[in-house]
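Colleague: coords please:
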Amino acid sequence: MSILARAHNRSDSGSRLPLWASGDLNAFFGLGFNVLVNVLVLTGLCLGVAKISSGDVYGVILPALGIQLLIGNVYYTWLGRRLAHRENRDDVTAMPYGPSVPHMFIVTFVIMLPVYLRTNDPVKAWQAGLAWSFIIGLIVLLGAFVGPYIRRFTPQAAMLGTLAGISIAFISMRPAGQMWAAAWIALPVF
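Modeller: Residues are numbered from 1 along each chain as shown. Predicted coordinates:
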């Protein structure tokens, strides 16, 4: 059944959006394990690179992250359901919410580590990371207002071309390079 037919049928019958749909269990565990690995990496970065005390990591950072994950995912779910109701669609998905892997490494190695190496103070390194995150938050907030104008005047192919290039470079080229390391196995299979 087409999307338009589903939306039309739903509006005629007055049915409500389901709280759980096909694929939600897979998405739940996919997001759950992704966030778990990200939190483990973040914990290791805080303890091993920035030398933040384990009391602060386990007693302050991780509980705050847990609260933030709950609030963020519930909020994005609410936004997705609101959009589905407003546009009378049943094919809307909430954006997953959690720590960003590239941002974790950038903040740790580009911001926090140099501050820690200069001052030998993990608290100052943490404060520098928080200041950078605040600045990034302001940039994202500005993007929320400027982004629709950029999207309106930029062809979709131009915006997706960069994403496709990154995907090809990082997702497929690395395995292709590894294939040549064991060519006697990889080439017959290829």
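Colleague: and stretch 18-36, which residues are buried?
Modeller: For stretch 18-36, burial by neighbour count (16 or more other C-beta atoms under 10 Å) applies to Val35. To be clear about C-beta, it is placed using only N, CA and C from the backbone, and glycine gets the same treatment.
Colleague: Same check on stretch 55-73?
Modeller: Neighbour count says stretch 55-73 has 57, 61, 65, 69, 73 buried, by 16+ other C-beta under 10 Å.
Colleague: so, if you compare these, which one comes nearest to His85?
Modeller: Asn73 (18.8 Å; C-beta to C-beta).
Colleague: Dihedrals phi and psi, that closest one?
Modeller: phi -70, psi -40 (degrees, to the nearest 10).
Colleague: That one is in contact with Tyr97, isn't it?
Modeller: Yes - when contacts are counted by C-beta atoms under 8 Å, Asn73 is listed as touching Tyr97 (4.8 Å).
Colleague: Show me what the top helix by length along the chain is packed up against.
Modeller: Ordering each helix of the chain by length in residues (DSSP state H) puts helix 122-153 first. Secondary-structure packing of helix 122-153 (3 or more C-beta pairs under 8 Å, 6 or more residues apart in numbering; DSSP states H and E): helix 113-119.
Colleague: what's next to the helix it packs on, contact-wise?
Modeller: 49-51, 121-122, 124-125, 128 (C-beta atoms under 8 Å, 6 or more residues apart in numbering).
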